[in-house]
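one predicted model, sequence on top.
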Amino acid sequence: MKKQKLRRSGARIMASLILLLGSLAYIMILAVINGSLGFVSAMGVTVFGALGVAKALGESVALSYGLIIGLAIGCGVLRGLLRYFEQYTNHYIAFRLLAVLRDKIFGALRRLCPAKLESKQKGSIIAMITSDIETLEVFYAHTISPICIAVIVSVSVLIFVGVISSWYLALVALLAYVLIGIVVPLIASKRLKASGVRYRTEFSSFNAYFLDSIKGIKDIVLNNADKEREAEVNYRSDILLCETKKMKHDTTKALAFTELAVSISIIATLVAGILLVANGILTVGYMIVGVVTVFSSFGPVIAISALPGNLTQTFASGDRVLNLLSEEPAVKPVENGERIEYNNLKVTELSFSYDRETEVLTEICMHAEKGEIIGIVGESGCGKSTFLKLLLRFWQKSHGKIEYNGVDIDNLDGDSLLDNVTMVSQVTYLFDETIEDNLRIAKPDATQEEIETACKLASIHDFILTLPEGYQTEVGALGDNLSAGEKQRIGLARAFLCGSELILLDEPTSNVDSINEGIILKALKEQKNKKSIILVSHRESTMAIADRIYRVVGGKMYEQTES
Ligand SMILES: Nc1ncnc2c1ncn2[C@@H]1O[C@H](COP(=O)(O)OP(=O)(O)OP(=O)(O)O)[C@@H](O)[C@H]1O
Ligand SMILES: [Mg+2]
């Protein structure tokens, strides 16, 4: 099992998460005030009751019975109202923050995309967006304010008991708070922290494996590997269950210790009260008021002792989310760089390696002029797709130059680059929306006519018309029924629609029959004067439309001369 260590300390995670609050901190303060006053009101009901009893026992209490009962009822009503506002403010912050966090995570993924995402397991990202963020909700709504409330309420109670009853009783109460709210949680947290992190790690690893298995289920069945997969899923599920049990076991044990600490504290307070009365330091009436006040004040510190179970998971989740937010992209984005209108491309002595060791491409040179169709051929795995990705700056080149209109790609504005260059990759992803929406991501304000023209060029228009609702057909409703070639042609239509000057095509016709290939190639050729194209393909037939052809061999690129 992979062990995941937290990169930051608990305190640092908490501090960073609180910093994310920003202007919501004011609402958090309001929530704490509401919570503290609410709890004091709840105690008020019991304390005024005890004062009534003290008065009945002959103590001098300045309040009338009527006023005492009225105040007790008032406290009860106030408690309800304050509780409502406390919950309201806490959840308002929590859910606002969830939205902010989701936004930040999407932003971080966008920054890291696509280079770093090739290495991140998709399942663990999904776990992060769903369960980790939900866990953080618990932190904001049910962790920060309980701690503040416990401190405020405990200090108020100590002062109240000291002044109205006895400072000795206050001292006993202080020791009880330290025991319940600090000593027990500290002892428990070490164990809980370890089991919490292990549980989270197993949970996300199981999710990733399960999701992967569902995605690849066709290949599992085809390879007759379902028994092994099922056994592995069961095995991993057992590990997860085992970790869950351990975590629950530790949590329950910590709860039991807290209960024990509370019972000991109650007995100690009572004994102290009786001793004080026996020694004539305190009257029975005010002893009752003091002891009852202390009894009713354990709630907030018990809430703290229940935190470690949540907190350890929160720290693990917080750490993972903060890691993602602070992760540096493989390529530094260029903002406010030079803007261009594509005219030509010149690549000089370009080298690149994914792992900084083995070079995939070595000192390659090529050029492309406006209106040209450039073909790139080479064996599978020789680096053709890598070359196209470098032209879009998906990865940072190691050496050499990639110049558009004489401007190196590292100085080119990121948006301007994507406005000028687009790519149809080997696999086209279709969103679970209508066909039209899927096309529109290339140009949101495209007219119906533009969309249809692009689809005709990509030789997919007639097929779309045969669908039950034409362009309005939901891709999801088709299930996986679109063929690879149809998806590929939709990808091509996107490229035609988006209006970029230079189109990079990675095996655009690999899944298309020769009739459709002919139509697409004809369309590409017709675009020739309007668009520039760099075309990667294995097929000789595809290369027939190229003006010039480069061949990639052993990491080098050679221009083919006609023989
Ligand atoms: N993200 C990555 N990290 C590390 N290595 C990679 C990555 N992507 C590709 N490679 C490796 O780089 C080499 C070139 O891959 P590339 O996809 O560019 O080949 P290709 O010429 O497009 O092959 P094909 O014709 O099969 O599509 C391969 O050895 C591949 O395993
Ligand atoms: Mg490829």
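That came through, no problem. Ligands and ions are numbered 1, 2, ... in the order given.

which SS class is the residue in the chain sticking out farthest from the centre?
Going by CA atoms, centre = their mean, the residue of the chain most distant from its centre is Gly58, 62.8 Å out. Under DSSP: H, G, I helix; E, B strand; the rest coil, the three-state class of Gly58 is coil.

against His538, how distant is the spatially most central residue of the chain?
Note on the chain: the residue nearest the mean C-alpha position is Ile129, at 3.6 Å, using CA atoms, centre = their mean. Ile129 is 38 Å from His538, where distance means CB to CB, to the nearest Å. Where you see a C-beta, it was placed from the backbone N, CA and C, and this is true even at glycine.

one more: Leu275?
93 Å.

quick one: contacts for the nearest residue to the residue nearest to the centre of the chain once chain neighbours are set aside?
Counting by CB to CB, 6 or more residues apart in numbering, Ile105 is the residue found nearest to Ile129 once chain neighbours are left out, at 6.0 Å. Neighbour list for Ile105: Met128, Ile129, Ile133, Val321, Leu324, Leu325 [criterion: CB atoms under 8 Å, 6 or more residues apart in numbering].

what helix or strand is the third one located in?
Okay, so that is Ile133. helix 133-142 (DSSP states H and E).

what would that helix look like as PDB? C-alpha coordinates only.
C-alpha atoms of helix 133-142 as PDB (Å, rounded to 0.1, in the frame of the first residue of the first chain):
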ATOM      1  CA  ILE A 133     -14.100  19.400  -0.800                       C
ATOM      2  CA  GLU A 134     -17.000  18.000   1.100                       C
ATOM      3  CA  THR A 135     -14.600  17.200   4.000                       C
ATOM      4  CA  LEU A 136     -13.400  20.800   3.900                       C
ATOM      5  CA  GLU A 137     -17.000  22.000   4.300                       C
ATOM      6  CA  VAL A 138     -16.900  20.200   7.700                       C
ATOM      7  CA  PHE A 139     -13.800  22.100   8.500                       C
ATOM      8  CA  TYR A 140     -15.300  25.500   7.800                       C
ATOM      9  CA  ALA A 141     -18.700  24.900   9.200                       C
ATOM     10  CA  HIS A 142     -18.000  22.600  12.100                       C
END
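
what's the burial count for Thr453?
16 (other CB atoms under 10 Å).

which SS class is the closest residue to it other than its chain neighbours?
Once flanking residues are discounted, Thr453 sits nearest to Phe496: 7.7 Å by CB to CB, 6+ apart. Put simply, Phe496 is helix when judged by three-state DSSP.

Phe496 contacts Ile460, correct?
No. Judged on CB atoms under 8 Å, Phe496 makes no contact with Ile460 at a distance of 10.2 Å.

for the chain, where's the lowest mean pLDDT among helices and strands?
helix 122-127 (a mean of 69; mean pLDDT, DSSP states H and E).

returning to what we had before: between the contacts of Ile105, which sits nearest Phe295?
Nearest to Phe295 among those: Ile133, at 38.7 Å, using CB to CB.

surely that closest one touches Ala99?
No. In this structure, Ile133 is not within contact of Ala99 by CB under 8 Å, at 9.8 Å.

now do the buried residues in the host helix or strand of Pro185.
Following DSSP H and E, one finds Pro185 within helix 184-215. Neighbour-count burial for helix 184-215, counted by 16 or more other CB atoms under 10 Å, picks out 184-185, 188-189, 191-193, 195-209, 211, 213.

report all helices and strands that it contacts.
Contact analysis of helix 184-215 by 3 or more CB pairs under 8 Å, 6 or more residues apart in numbering; DSSP states H and E lists helix 122-127, helix 226-278, helix 299-305, helix 307-326 as its packing neighbours.

hey, least reliable of those helices by pLDDT?
Looking over the helices and strands packed on helix 184-215, mean pLDDT reaches its minimum on helix 122-127, with a mean of 69.

circling back: now the helices and strands packed on helix 184-215 in CSV, with distance to ligand 1 and mean neighbour count?
Shown next, in CSV, are the helices and strands packed on helix 184-215 (distance: least, CB to the nearest ligand atom, whole Å; neighbours: other CB atoms under 10 Å):
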stretch, distance to ligand 1, mean neighbour count
helix 122-127, 14, 18
helix 226-278, 25, 15
helix 299-305, 47, 22
helix 307-326, 19, 22
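
any chance of the ones you listed in JSON lines, plus distance to Val40?
Putting these into JSON lines (distance: least, CB to CB, whole Å) gives the following:
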{"stretch": "helix 122-127", "distance to Val40": "40"}
{"stretch": "helix 226-278", "distance to Val40": "19"}
{"stretch": "helix 299-305", "distance to Val40": "10"}
{"stretch": "helix 307-326", "distance to Val40": "21"}
